[in-house]
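> Need a 3D model of the sequence below.
(chains A and B)
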Amino acid sequence: MELKQEALAGTLESSDLFIRVSPSEDPLEIAIQSEVIHQFGEQIRATVEEVLAHLGVTRGIIVIQDKGALDCTIRARLQAAVMRAAGETTMDWEALK
Amino acid sequence: MRGPATTRAESKEKACQGMAEDLEFYTVDPDDEDVERRDIKKLLTECGLLYEIGIEAFVVCRDGEKLVACAGLQQNVIKDVAILPDYRGGALSLTLVSEVTYLAHSRGYSTLYVYTEPKNAEFFRGCGFYDLVEMPDTVVLMENTPIGIKSYCKQLQKHRVEGAKIGCVVANANPFTYGHRYLIEQAAKECDWLHLFMVKEDVSLFTYQDRYYLAEENIQGIPNLTLHAGSQYMVSRATFSCYFLKDQGIVGKCHTAVDLLMFRNHIAPALGITHRFVGTEPFCATTNKYNHDMMVWLQDPVRGAGPALDVVEIPRTEYGGTAISASEVRRHLHAGDLDRIRNLVPPATYELLKTKYVPLVQAGA
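Predicted coordinates for the structure are as follows:
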């Protein structure tokens, strides 16, 4: 999936995360800030990379401010942000698994 | 999809449906809504802040009838963030910043900036903002991405030219005159290499595109020069907002230091710039103050994180006993006095004035 415009998803509220994805010519750049970075930083990054790979996102800038979101929240928010940025309006739920 | 710009009516509806708690968040246009503006002013005063002119929208939060928090947006700059003491430190503040970010996004602004006192910087760090520059004990400028300035400097580094004396001129050139040509020529003569940046912000009479084109045309024949596109990191609304309000005579509370430290700490090191050249400013108070502050914030060895630079002020070139200035050219343009412009600007500028801006000004008048 190609990121065509900037998109946001999520909030800064506790147990959520705020995601901003933007198009870029360069390979993926992922910046994560989290209150639990020392404990779960690697896990969050692995989830983010997995979702992006699954959606076929290879270029772009992903900036994440995490407030202790659960794994499923991270997935859902990131999927939403990518779909918005790609201008996809119809959900292929199978592809999002 | 989540809507950013919620009106108060919608917010109330949500509350009735039990989707929100007692706190209502919604967006107001301060120029349109007198009651809201009055309450915002009162809140800001209580929080020791000034109501800033030119804020296009506020996200506000009410607890019942009481206004308890607000955050203003002026294009891509977040301003006037205030929360009543009793409501601080909780979820409210995070919602407020989320809301104002969505509001900015819906208005087409992605990278956002915030000015805040150093003691409040930690709060914004928790909201996804990253420090760009700090004027000690006074103000911190932050950006809501950790990548922005870094990738910008990486791009700049590609244009780095090694040398003992690397100069820089930052010009608005609204429009490009013989004065600009003279300044750039003199600076280039004194340097091994000169970097010329055009101010990007599109708030001048002459569009950025036209100003850049004229610079390109009018610097021909200078061999040791790179012309750069401008960016939000120099003389922009984000770094130097009052420059763009100068016609309104607002000079007083002007954080020129923020713009200058951005230059010293980020841009100059990326390009290895050792000297910044500037024309003397006999007319405009804001620009004059900026020049003066340059001596302080760029030259003083201890003021910035980046190495100190030399500031070289070059006296303006004159025509008929008066320093050439772009503002004078604009005056003549508005008076329809094209003949008097001919001696002040290079041919390329004259042509563009004649073919595009004279009709434009006449149509406006």
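> quick one: low-confidence parts of the stretch 151-300 of chain B?
For the stretch 151-300 of chain B, the stretches flagged by pLDDT under 70 are B:241-254.
> Okay, and the closest residue to chain A within it sits in which element?
Among the residues of the stretch 151-300 of chain B, residue B:151 lies closest to chain A, at 7.9 Å counting by C-beta to the nearest C-beta. For glycine as for every other residue, the C-beta is placed from the backbone atoms N, C-alpha and C. In the assignment (DSSP states H and E), residue B:151 maps to helix B:148-157.
> Check which helices and strands the helix or strand following that helix sits against.
Later in the chain than helix B:148-157, the nearest helix or strand by DSSP H and E is strand B:166-171. With contacts taken as 3 or more C-beta pairs under 8 Å, 6 or more residues apart in numbering or on different chains; DSSP states H and E, strand B:166-171 sits against helix B:178-190, strand B:193-198, helix B:268-271, strand B:275-279.
> got a list of contacts for strand B:166-171?
Residues outside strand B:166-171 that contact it (C-beta atoms under 8 Å, 6 or more residues apart in numbering or on different chains) are B:180, B:183-184, B:187-188, B:190-199, B:215, B:234-235, B:263, B:268, B:271-278, B:312.
> Put the alpha carbons of that strand into PDB.
Taking Å, rounded to 0.1, in the frame of the first residue of the first chain, the C-alpha atoms of strand B:166-171 are listed here in PDB:
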ATOM      1  CA  ILE B 166      31.600  29.500   4.200                       C
ATOM      2  CA  GLY B 167      29.000  32.300   4.100                       C
ATOM      3  CA  CYS B 168      25.300  32.500   4.200                       C
ATOM      4  CA  VAL B 169      22.600  35.000   3.300                       C
ATOM      5  CA  VAL B 170      19.000  34.600   4.100                       C
ATOM      6  CA  ALA B 171      16.800  36.800   2.000                       C
END
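> what does the model give residue 96 for pLDDT?
With no chain named, the answer covers chain A. On pLDDT, residue A:96 comes in at 66.
> my bad, the chain I had in mind was chain B
pLDDT at residue B:96 comes out at 94.
> Would you indicate which residues of the helix or strand harbouring it are buried?
Secondary structure from DSSP H and E places residue B:96 in helix B:91-106. For helix B:91-106, the neighbour count (16 or more other C-beta atoms under 10 Å in any protein chain shown) marks B:92-105 as buried.
> and chain A, which residues reach chain B?
A:6, A:8, A:11-14, A:18, A:20, A:22, A:26, A:29, A:31, A:33, A:35, A:61, A:63, A:65, A:67, A:84 (C-beta under 8 Å from any C-beta of the partner chain).
> among these, which ones are buried?
Those of the residues of chain A next to chain B that meet the buried threshold are A:6, A:8, A:11-13, A:18, A:20, A:22, A:29, A:31, A:33, A:61, A:63, A:65, A:67, A:84, by 16+ other C-beta under 10 Å.
> got the phi/psi numbers for the closest residue to residue B:342 other than its chain neighbours?
Among residues not flanking residue B:342 along the chain, residue B:350 sits closest, at 6.0 Å (C-beta to C-beta, 6 or more residues apart in numbering or on different chains). Main-chain dihedrals, residue B:350, degrees, to the nearest 10: phi -60, psi -50.
> The one 4 residues further on too?
Residue B:354 has phi and psi values of phi -60, psi -50 when expressed as degrees, to the nearest 10.
> And residue B:13, what's its pLDDT?
On the pLDDT scale, residue B:13 is placed at 58.
> again, but for residue B:86
So residue B:86 comes in at 90 (pLDDT).
> In strands, which of the buried ones among the residues of chain A next to chain B appear?
Judged by DSSP state E, strands contain the following of these: A:8, A:18, A:20, A:22, A:29, A:31, A:33, A:61, A:63, A:65.
> Return the member of those nearest to chain B.
Set against chain B, the nearest of these by C-beta to the nearest C-beta is residue A:65 (3.5 Å).
> Name the SS class of the residue lying closest to the closest one once chain neighbours are set aside, please.
Take residue A:65 and drop its neighbours on the chain: the residue closest to it by C-beta to C-beta, 6+ apart is residue B:128, 3.5 Å away. Taking DSSP: H, G, I helix; E, B strand; the rest coil as the rule, one finds residue B:128 in the coil state.
> What helix or strand is the residue sitting nearest the centre point of chain A located in?
For chain A, the residue nearest the mean C-alpha position is residue A:78 (3.0 Å; C-alpha atoms, centre = their mean). Assigned by DSSP H and E, residue A:78 belongs to helix A:71-86.
> isn't residue A:29 right up against residue B:147?
Yes: counting by C-beta atoms under 8 Å, residue A:29 does reach residue B:147; the two are 6.1 Å apart.
> intersection of neighbour lists for those two?
Joint contacts of residue A:29 and residue B:147 (C-beta under 8 Å, 6+ apart) are residue A:61.
> So what does residue A:38 look like in phi/psi?
Backbone geometry at residue A:38, expressed as degrees, to the nearest 10, gives phi -70, psi -40.
> Next one: it relative to residue B:129, how far apart?
Distance, residue A:38 to residue B:129, by C-beta to C-beta, to the nearest Å: 21 Å.
> what do you get for residue B:341?
Per C-beta to C-beta, residue B:341 is found 45 Å from residue B:129.
> swap in residue A:77?
For residue A:77, the distance to residue B:129 equals 19 Å [C-beta to C-beta].
> what's the answer for residue B:91, then?
According to C-beta to C-beta, residue B:91 and residue B:129 sit 18 Å apart.
> cool, and residue B:279?
As judged by C-beta to C-beta, residue B:279 and residue B:129 stand 35 Å apart.
> give me the number of residues near residue 58?
Using chain A here. The number of residues packed near residue A:58 is 12, by other C-beta atoms under 10 Å in any protein chain shown.
> please go with chain B instead
Here the number of neighbours of residue B:58 (other C-beta under 10 Å) works out to 28.
> Secondary structure class of it, three-state.
Using three-state DSSP, the secondary structure recorded for residue B:58 is strand.
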